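Visitor: Please find the sequence and the predicted model below.
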Amino acid sequence: MLIRQKPDIAASEITPRHLFEGRRDFIRAAGVGIALASATGAGILLRPAPALAGTKLPALRRSPLSATEAANSQADITSYNNFYEFGTGKEDPGQNAHTLRTRPWTLAIEGEVKHAKVYDLDELLKLAPLEERIYRLRCVEGWSMVIPWAGYPLSELIRRAEPTGRAHFVEFISAADPEQMPGVRRPVLEWPYAEGLRLDEAMHPLALLTLGLYGEVLPNQNGAPVRVTLPWKYGFKSAKSLVKIRLVERQPRTTWSSAAPREYGFYSNVNPQVDHPRWSQARERRIGELGKRATLPFNGYADQVAALYTGMDLRANF
Ligand code: MTE
């Protein structure tokens, strides 16, 4: 992205597994699982925990929309991250994001909708059946991973809000609390982190409201407690730790395209034929692999999503 990164390092070399394993054990011992208890109607009253990361989700059906290639390890996915609210280094989110309090948490859906609503995390967890979706993630910087997310289509949430005839775009707003997020104390980006989609993109079945990873509640560094994942777009479109989803009439301002409009477009569909002004997008390095592989149009999801862009000049609308 804008800020130069250190050369890629295998994620597993960065954060010793015992660090996050240790945190997970602590959380389990604290008796979390409240979300799941209430989801099953058990109604057990437990003290709010600082984080839920590590809580097992109920058995998940694997979505047929899943990629068939092998997923990256949990260690890779949780220790090699972009989450500038916790620092600009790849290892910073894994080391710093434990300060994020993910409970209580609310996500508001508002704007051009008939039924604006503020959802509590427990409500979100049981809004629709969670399923496992194994998605390729291609970062605009040239690396990729395969990640087993858990969630349900974003359309489930949007549909319930009933967009009005004036709703043409969807804006995603991340949390931005300098107390809990050390990166927000520095003006490296405009805070809060904001992203956007056209409404038809947001309603596409691949657009996932994401609440879990590897069969567990989402780890903080991966955008707990709720984020979106949009596998056909560069990773920065998939905003983390969401507090607001707003249906709007006009194309919203987005963080990276405001910071560097020539480098990061509103659409940001993965496109090996359109280079970033400072580097080629033709190839990518899959974390954990040596060498590089070819990047596929729409990150390999062209069959499903290309029709969304029929008639559009994808060079102009990069
Ligand atoms: N969301 C917020 N709020 N802040 C961020 O810095 N980084 C983005 C995206 N979502 C980012 C964000 C980028 S550049 C990428 S590649 C993905 O998150 C990384 O997601 P992951 O760390 O779960 O793999």
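Guide: The structure has been received and is ready for your questions.
Visitor: wouldn't Thr229 be in contact with Leu208 here?
Guide: Yes - between Thr229 and Leu208 there is a contact under C-beta atoms under 8 Å: 4.7 Å. C-beta coordinates here come from the backbone N, C-alpha and C atoms, glycine included.
Visitor: hey, what's in contact with both of these two?
Guide: Arg133, Tyr135, Trp149, Gly151 (C-beta atoms under 8 Å, 6 or more residues apart in numbering).
Visitor: Based on its surroundings, how many neighbours for Asn82?
Guide: Using other C-beta atoms under 10 Å, Asn82 has 22 neighbouring residues.
Visitor: cool, the one 3 residues further on as well?
Guide: Each residue near Glu85 was counted by other C-beta under 10 Å, and the total is 28.
Visitor: mind listing the strands for the stretch 151-300 of the chain?
Guide: 169-174, 194-198, 208-213, 216-217, 227-229, 242-248, 283-286, 293-294 (DSSP state E, counting those that start in this stretch).
Visitor: how about the ones you listed in JSON lines, adding mean neighbour count?
Guide: Converted to JSON lines, the strands of the stretch 151-300 of the chain look like this (neighbours: other C-beta atoms under 10 Å):
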{"stretch": "strand 169-174", "mean neighbour count": "23"}
{"stretch": "strand 194-198", "mean neighbour count": "22"}
{"stretch": "strand 208-213", "mean neighbour count": "26"}
{"stretch": "strand 216-217", "mean neighbour count": "21"}
{"stretch": "strand 227-229", "mean neighbour count": "24"}
{"stretch": "strand 242-248", "mean neighbour count": "21"}
{"stretch": "strand 283-286", "mean neighbour count": "18"}
{"stretch": "strand 293-294", "mean neighbour count": "10"}
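Visitor: wait, which of the ones you listed is closest to the ligand?
Guide: Distance to the ligand, taken as C-beta to the nearest ligand atom, is lowest for strand 169-174 among the strands of the stretch 151-300 of the chain, at 3.5 Å.
Visitor: Who's the closest spatial neighbour of the residue of the stretch 201-318 of the chain found nearest the ligand, skipping the chain neighbours?
Guide: The ligand sits closest to Gly235 of the stretch 201-318 of the chain, with a gap of 2.6 Å, by C-beta to the nearest ligand atom. Residue nearest to Gly235 in three dimensions, not counting chain neighbours: Cys139, with 4.3 Å by C-beta to C-beta, 6 or more residues apart in numbering.
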